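K.L.:
Test case, fold it:
(one chain, ligands or ions: 1)
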Amino acid sequence: MAVMTRPRGWALALGLGALTAGPGQPAAHGINGHVHVTGWAIEAQPAGSVLAAFFADPALKDVALIAASFPDSGYAVDHPYGEAAHWEPFIEAYIASVQARHGPDFDTPEARREVAFLMGAGCHGLQDELFDSVFLYQVREQDGRGQDEADPGTDAFLFTDGYLRFRPDLWVPADALVPVFDALGIEVTASVLRTALSRTRALVINGFAALAPGLDAEYRPQLPWTAAHYVDPTVPGSLAAEIPATAAYQRALWARLHGEFPVAALVVDGWPGARRLRTTSAGTVDGWITLVFGAGVFKSALNDQTVQLLGPDGEPVPATVHGTRWGGSPDSSSRLVTLRPTADLAPDTVYTVRLNPGLELIDGSRLEVEWTTEVRTPCADPEAPGCADPAPPAFPPPAPERPMPDAGVPDAGPPDAGPPDAGLPDADLPDVGAPDAGSGEDAGALVDRGADPDQGQAARGGADDGGCQVGAARRGAAGLWWLALVGAGLTGRRRRRGRGARGPRG
Ligand SMILES: [Zn+2]
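P.N.:
Take a look at the predicted model:
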């Protein structure tokens, strides 16, 4: 196979990792899902809005789309910058960096590209939090499966179902990102960043047509409910439901960058939102209530004192409070909170979710005033007058007036959608066989190390310990190329230890 003709280090990086890491290889809510939800959210910005005007430049939209794959690129080279890039401490630090270098006007071409990159990278982390903390629980409940299946499966479904159309060019502000990571205590070189993102783009975005059919054949039978609902806008945490949340988070990022994001505007989206809760029953994901934040909150600050569900009488209703799924240390960050009622709710009733003053954000600010929103439960007879939900947004979202230049995935044809020997231009595949000039690591350091017990935890997946994983290595199914791609890190190995915990240094 073509991969065998690559330098040894390349083969190692792609193949050996899969062979040594065992089941549960990484991937994230598929990378193509990140790119597309981010793109659809950009296209959903209201006409005439500042963000619609900003992203009217297709080059800036393209930068945001490649940036939406950036956090997982760290996994492609087994470097911890990828994990860090998923979380709000990185976003906070990057906002400060962009402000210092390009603010307050951000009016140079370079400034605009970095703003776009910041927004795309931020969207990725938010989407992972939403998908993992809400939708994956639905997958477990409905299909009895987890991240190992849902991550690669949903990307494959997007391909098969004909939704993929974005293939962004490669661009990364590598030199600017190095000091941002350094401030987080992570040493990385610009060369490593470029190599990693280039590899990710080549294999997972441009090369996905080679992977998707096999992934679909593998996972669609295992995920019947997921395949039917992964783009159902009425299901919290689905890729379609992520679109308005991502669009709202983009607006929050823009406001934060411009110093115009009051803590009182912390909640930017949520489920069920204007709809009714999907059930009154406790003990099922359909009964959960989720708020989406436009900035990172300390996960440890989310508890039954700061976040409460109140009945019509104003009295607290029993519910457990949960921040983002990952991150166990006291300073872990979260961009969401989920309330899980522990007793059945009454039908056709308005409840209130209240955030109490004192809720602390990771930037040190605090919610100074009480914040509330209403949640309406479904009627006992959903057909009764007045009980219908508003129509959900259409999916797929309307195509833009000007399609992306190389729309057309899935198209397995040349030049860059096929397997590497058929289509990936060498320019996209940096030679990682030789020691990376910038990384100081040899090729062996680029392969999956596999021995980290925390990675072993990642590899096992499961309802409560999964990460950005791709399913089990398909040793007999598709040969080395398959193993190679899945093992390349495509995508995202999340280490479970203290996710989102790392804050700016000093
Ligand atoms: Zn990810």
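K.L.:
going forward, measure contacts between C-alpha atoms and count neighbours the same way
P.N.:
OK.
K.L.:
which phi and psi does Val297 have?
P.N.:
phi -110, psi 150 (degrees, to the nearest 10).
K.L.:
Does it touch Gly358 like I think?
P.N.:
No. Between Val297 and Gly358 there is no contact under CA atoms under 8 Å: 11.3 Å.
K.L.:
which of the two has more neighbours?
P.N.:
Using other CA atoms under 10 Å, the more surrounded residue of Val297 and Gly358 is Val297, with 28 against 15.
K.L.:
Now for the residue lying closest to that one once chain neighbours are set aside: which residues touch it?
P.N.:
What sits nearest to Val297 in space, not counting adjacent residues and going by CA to CA, 6 or more residues apart in numbering, is Leu361, at 4.1 Å. Contact analysis of Leu361 by CA atoms under 8 Å, 6 or more residues apart in numbering lists Ala295, Gly296, Val297, Phe298, Leu367.
K.L.:
Tell me the spacing between the last one and the ion.
P.N.:
For Leu367, the distance to the ion (CA to the ion, to the nearest Å) stands at 28 Å.
K.L.:
Just to check, Val321 is in contact with Ala301?
P.N.:
No. Val321 lies out of contact with Ala301 (CA under 8 Å); the separation is 10.3 Å.
K.L.:
What helix or strand is the closest residue to the ion within the stretch 101-250 of the chain located in?
P.N.:
Nearest residue of the stretch 101-250 of the chain to the ion, counting by CA to the ion: Asp128, 5.7 Å away. Assigned by DSSP states H and E, Asp128 belongs to helix 109-130.
K.L.:
Can you name every helix or strand that the following helix or strand past that helix contacts?
P.N.:
The C-terminal neighbour of helix 109-130 among helices and strands, as given by DSSP H and E, is helix 136-143. Helix 136-143 makes packing contacts with helix 147-160, helix 224-229 when contacts are defined by 3 or more CA pairs under 8 Å, 6 or more residues apart in numbering; DSSP states H and E.
K.L.:
Just want the angle from helix 136-143 to helix 109-130.
P.N.:
Helix 136-143 runs at 40 degrees relative to helix 109-130, counting by axes from the mean of the first three to the mean of the last three CA atoms, to 10 degrees.
K.L.:
How many residues are close by the residue of the stretch 101-250 of the chain closest to the ion?
P.N.:
By other CA under 10 Å, 24 other residues sit near Asp128.
K.L.:
Could you do the one 5 residues further on as well?
P.N.:
Close neighbours of Ser133, defined as other CA under 10 Å, add up to 22.
K.L.:
could you list every residue that touches it?
P.N.:
Applying CA under 8 Å, 6+ apart, the residues contacting Ser133 are Gly237, Thr324, Arg325.
K.L.:
could you measure Leu60 against the ion, distance?
P.N.:
Taken as CA to the ion, the span from Leu60 to the ion is 21 Å.
K.L.:
what about that residue, which SS state?
P.N.:
helix (DSSP: H, G, I helix; E, B strand; the rest coil).
K.L.:
Show me where the stretch 301-450 of the chain has its helices.
P.N.:
Here the stretch 301-450 of the chain has its helices, by DSSP state H, counting those that start in this stretch, at 443-446.
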